[in-house]
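S.K.: from the sequence below, what's the structure:
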Amino acid sequence: MLRAGYDVKLASGVITAGGTLGILIPPSVMIIVYAAVAGQSVVKLYGRRYVSPDFFWALLYLVYIVGWAMINPKIAPPTAGRADAGSLCRSG
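M.R.: Numbering: from 1, shown residues only. Okay, the predicted model is just below:
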């Protein structure tokens, strides 16, 4: 992301927040660990849990990042196309 010209704060924030979203959206490691520690059934805990708030947080996060990039275009420059993005990934 840094080689593509993205802002350092945006790049680190996206990676950090994406990692925290990963533990919320099922299959959640957090529920499995809690079930093991508390002696509960993993299936019952998944059944009691509502998934929609997690996807709401992911959508809200996406809207925030896109809105921030639209207000301040310098933090997230547009890419020239898929070929350029792929070449950045393969270069190193």
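S.K.: any idea how far the residue positioned nearest the centre of the chain is from Tyr61?
M.R.: Geometric centre of the chain, nearest residue: Gly18, 2.5 Å, by C-alpha atoms, centre = their mean. For Gly18, the distance to Tyr61 equals 8 Å [C-beta to C-beta, to the nearest Å]. (C-beta placed from N, C-alpha, C; glycine too.)
S.K.: still on that earlier bit, which strand or helix spans the residue nearest to the centre of the chain?
M.R.: Assessed by DSSP states H and E, Gly18 sits inside helix 8-24.
S.K.: please name every helix or strand in contact with the helix or strand following that helix.
M.R.: Using DSSP H and E, the helix or strand that follows helix 8-24 towards the C-terminus is helix 29-38. Applying 3 or more C-beta pairs under 8 Å, 6 or more residues apart in numbering; DSSP states H and E, one finds that helix 29-38 contacts helix 8-24, helix 42-48.
S.K.: so for Gly67, which of these sits nearest?
M.R.: Nearest to Gly67 among these is helix 8-24 (12.3 Å), distances taken as C-beta to C-beta.
S.K.: now what about the closest one, what contacts it?
M.R.: Helix 8-24 is contacted by residues 1-2, 29-30, 54, 57-58, 61, 65, 68-69, 75-76 when judged by C-beta atoms under 8 Å, 6 or more residues apart in numbering.
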